[in-house]
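**Q** Here is a sequence with its predicted model. Questions after.
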Amino acid sequence: MSDASPRYGEPVLMKGNEAVCEGAIWAGCRYFFGYPITPQNQIPEYMSRRLPEVGGVFLQGESELASISMVYGAASAGARVMTTSSSPGISLMVEGISYLYGSELPAVIVNVTRGGPGLGNISAAQSDYAQATHMGHGDISMVVLGPNSVQELYSFTAWAFDIADKVRAPVMVLADAVLGQMMEPLRPRQDEPPPPPEKPWATTGCAGRAPNVINSLYTADDDLEALNLRARERYARVAEAIRGCEETETDDAEVLLVSFGTSSRVCETAVARLRSHGVRAGLFRPLSLRPFPSARLLELAGSARVMLTVEMNLGQMVEDVRLAVQGRVPVDFMGRTGGNIPSVAAVVEAAERALAGPA
Amino acid sequence: MAEAAVVFTPPESYAGRLMHYCPGCTHGIIHRLVAEVIDELGAREHAVGVCPVGCAVYAYNYLNLDMIEAAHGRAPAVATGVKRVLPDRVVFTYQGDGDLASIGTAEIVHAAARNEAVTVVFVNNAVFGMTQGQMAPTTLVGQRASTAPFGRRPEHEGFPVKVVEMLNALDGPTYLARASMASPRWVRDAKKKIRKAFLAQVEHHGFGLVEVLSSCPTWWGKPPLEALKWIESDMMAYYPVGELRDLPNGKAKGE
């Protein structure tokens, strides 16, 4: 986190989707535009009554296309603004996300993912990892954060606003149906957020200055390349500060589980159970999915005998894990898809099989 | 001899750059009318405009005020986002018929339904100009386009979309009108309507839209003067010019 010594209040029991709202409001978000889709409906519902209390504006768009374009307008006006959706809705928002990136506009998008493809279902899934980390048409490097608790939905959403302003680009918080729907104790922040930066580029009316233009059209190839380079440069500048992971018993781990979001919660229990069987297991959990914490994973490739990536999809993050470890350690994969969540027993079994090596 | 006196200056809201529009296109005139109206309202320094995707994509180069380029068809949603953050600014969109009447139908309908306090200048030239003359939702029956080589046939491509009449079915909007670029007389009339579409926002905090029938000599395959005549003879016959909604002056739907 950007703040070294955060102060927290007494815990309150809160739903993940509501924690997203409170995290955003703490960070100074006063504008929300969105369209209903399960399993994130508590967010627009909560914002529609909460934002007016803090002097903000909630508006339900006529579609995801319109909602993300309203976000684009509000960001152009210099506001801290957010939208949220779920997988099929995010697919529609990809247009606007690319335009936000191309027009160098900060905004926060929370994706409470569900099962896919198509209309899929409303269960939890991580099958949009690849879409999130390789978002949109154009040469986009978008920061993606991967919370795994109600507390992190709160703090990562708040963090996303800070990052978005630093990179002048959209930032995505990648949650899922379980994280959005579950209730856990949340300790809200009691201190003040870091102040947002000045936005002299915002289109607020040109009184006292030359007119500002917000635009992603660059017909000259060199100009468009320059846009891509400066956007990439801003991303690279903050990447090292954002890049993060959480490690559980990794020091002596011979089998290292790698997992994010809801499946990492399953893996925490699986590690404890494996340890109780005498298996030296550990868990590596990326907090930032892009930038991916590759360097630390490469270090761990020196001590682990095998890695096992556990996901709620058919194998997406595993590609980033394999790239990170550069072939120095075997990387196995186990996952369920279609809204299924791997069971602790299945993860334990897969870890033991991975340790035993190829059959 | 008398001293030379300045009797004519370009509006301050016009950036003074040469425009890229084809010979005989009326976008330049409409830009100028918008700039004049913004000047007359004293709004230049607190105006925010939103450009379309289409021939007018470069409007931000020609208007000397804060401008935003939107995704195709989404200008009313972008303008909504700006207006909700900055309710005291004068926010407007400038959109063509491909942008507004085809890909952006949802956005314009709902901005109008909300009576969003923004102004929309909708330029209808019955064709997709920038992408080289394809059929638009507004292409007239029988009119040829690069994707309607046999002329628009209602049984195949359907009928043209009458945007102002369609929006007039909504209770929301404050001001709805159609104007024309067919001749200087109509240009003067169009300016009055553009002004009223801005006043709907500035004085009545409501939604104002003016559709402006415009020419596209290049993709109509007509010399400029003939194109202007065709606006009067064919376009104005299908798209009647007038004020369909003028709530500030008590002219509601059906009156």
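**A** Structure received.
**Q** Around the closest residue to B:His205 other than its chain neighbours, how many other residues sit close by?
**A** Distances taken as Cβ to Cβ, 6 or more residues apart in numbering or on different chains put B:Ala117 closest to B:His205, at 4.6 Å, once the chain neighbours are dropped. For every residue, glycine as well, the C-beta is placed using N, CA and C. Burial measure for B:Ala117: 23 neighbouring residues, criterion other Cβ atoms under 10 Å in any protein chain shown.
**Q** if I pick B:Ala117, what's in contact with it?
**A** B:Ala117 makes contact with B:83, B:87, B:91, B:201, B:205-207, according to Cβ atoms under 8 Å, 6 or more residues apart in numbering or on different chains.
**Q** next one: phi and psi at residue 176?
**A** The chain I'm using is chain A. Dihedral angles of A:Asp176 (phi, psi; degrees, to the nearest 10) stand at phi -160, psi 180.
**Q** that's the other chain; I wanted chain B
**A** Listed backbone geometry of B:Leu176 is phi -140, psi 130, with angles given as degrees, to the nearest 10.
**Q** Relative to B:Trp186, how far out is the nearest residue to it once chain neighbours are set aside?
**A** Distances taken as Cβ to Cβ, 6+ apart place B:Arg245 nearest to B:Leu176, at 3.9 Å, with adjacent residues excluded. Here the criterion is Cβ to Cβ, to the nearest Å. By it, B:Arg245 lies 20 Å from B:Trp186.
**Q** Look at these two and report which has more neighbours.
**A** Neighbours of B:Arg245 and B:Trp186, each counted by other Cβ under 10 Å, are more numerous for B:Arg245; the result is 27 against 19.
**Q** Can you give me the distance of the more buried one to chain A?
**A** As defined by Cβ to the nearest Cβ, to the nearest Å, B:Arg245 lies at a distance of 20 Å from chain A.
**Q** For the one helix or strand A:Ser264 maps to, give me every contacting residue.
**A** Secondary structure assignment for A:Ser264, by DSSP states H and E: helix A:261-276. Residues lying outside helix A:261-276 but in contact with it, judged by Cβ under 8 Å, 6+ apart, are A:124, A:126, A:146-149, A:174-176, A:178-179, A:248-249, A:255, A:257, A:259, A:281-283, A:285, A:310-312, A:335, A:341-344, A:347-348, A:351-352.
**Q** Buried among these? Need that as a selection in PyMOL.
**A** The buried residues among the contacts of helix A:261-276 can be selected in PyMOL (16 or more other Cβ atoms under 10 Å in any protein chain shown) with this line:
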select buried, chain A and resi 124+126+146+147+148+149+174+175+176+178+179+248+249+255+257+259+281+282+283+285+310+311+312+335+341+342+344+347+348+351
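**Q** Just the contacts of helix A:261-276: which are in helices?
**A** With DSSP state H as the criterion, helices contain A:178-179, A:344, A:347-348, A:351-352 from among the contacts of helix A:261-276.
**Q** Might you quantify the distance of stretch A:151-161 from its chain's geometric centre?
**A** 9 Å (Cα atoms, centre = their mean, to the nearest Å).
**Q** Just the CA coordinates for it, please, in CSV.
**A** Once side chains and other backbone atoms are set aside, the C-alpha atoms of stretch A:151-161 remain, and they are given as CSV (Å, rounded to 0.1, in the frame of the first residue of the first chain):
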residue,chain,number,x,y,z
GLN,A,151,-10.8,-6.3,3.7
GLU,A,152,-8.7,-6.4,0.5
LEU,A,153,-11.8,-5.5,-1.7
TYR,A,154,-11.9,-2.4,0.4
SER,A,155,-8.2,-1.5,0.5
PHE,A,156,-7.4,-2.6,-3.1
THR,A,157,-10.3,-0.5,-4.5
ALA,A,158,-9.0,2.5,-2.6
TRP,A,159,-5.4,1.7,-3.7
ALA,A,160,-6.6,1.4,-7.3
PHE,A,161,-7.7,5.1,-7.3
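**Q** anything in it sitting right up against chain B?
**A** No: counting by Cβ under 8 Å from any Cβ of the partner chain, chain B has no neighbours in stretch A:151-161; the shortest distance is 15.2 Å.
**Q** Tell me who's in contact with the nearest residue to B:Thr147 once chain neighbours are set aside.
**A** The shortest distance from B:Thr147 to any residue other than its chain neighbours is 4.3 Å, reached at B:Gln134 (Cβ to Cβ, 6+ apart). The neighbourhood of B:Gln134, defined by Cβ under 8 Å, 6+ apart, consists of B:127-128, B:145-148.
**Q** Out of these, which is nearest to A:Glu53?
**A** Proximity of these to A:Glu53 (Cβ to Cβ) peaks at B:Phe128, which lies at 46.0 Å.
**Q** Which residue, other than its chain neighbours, is closest to whichever residue of the stretch 51-200 of chain A sits closest to chain B?
**A** For the stretch 51-200 of chain A and chain B, the shortest gap (Cβ to the nearest Cβ) falls at A:Gly73, measuring 2.3 Å. Distances taken as Cβ to Cβ, 6+ apart place B:Gly81 nearest to A:Gly73, at 2.3 Å, with adjacent residues excluded.
**Q** Same check on A:Leu179?
**A** Spatial nearest neighbour of A:Leu179, chain neighbours left out: A:Gly16 (4.7 Å); criterion: Cβ to Cβ, 6+ apart.
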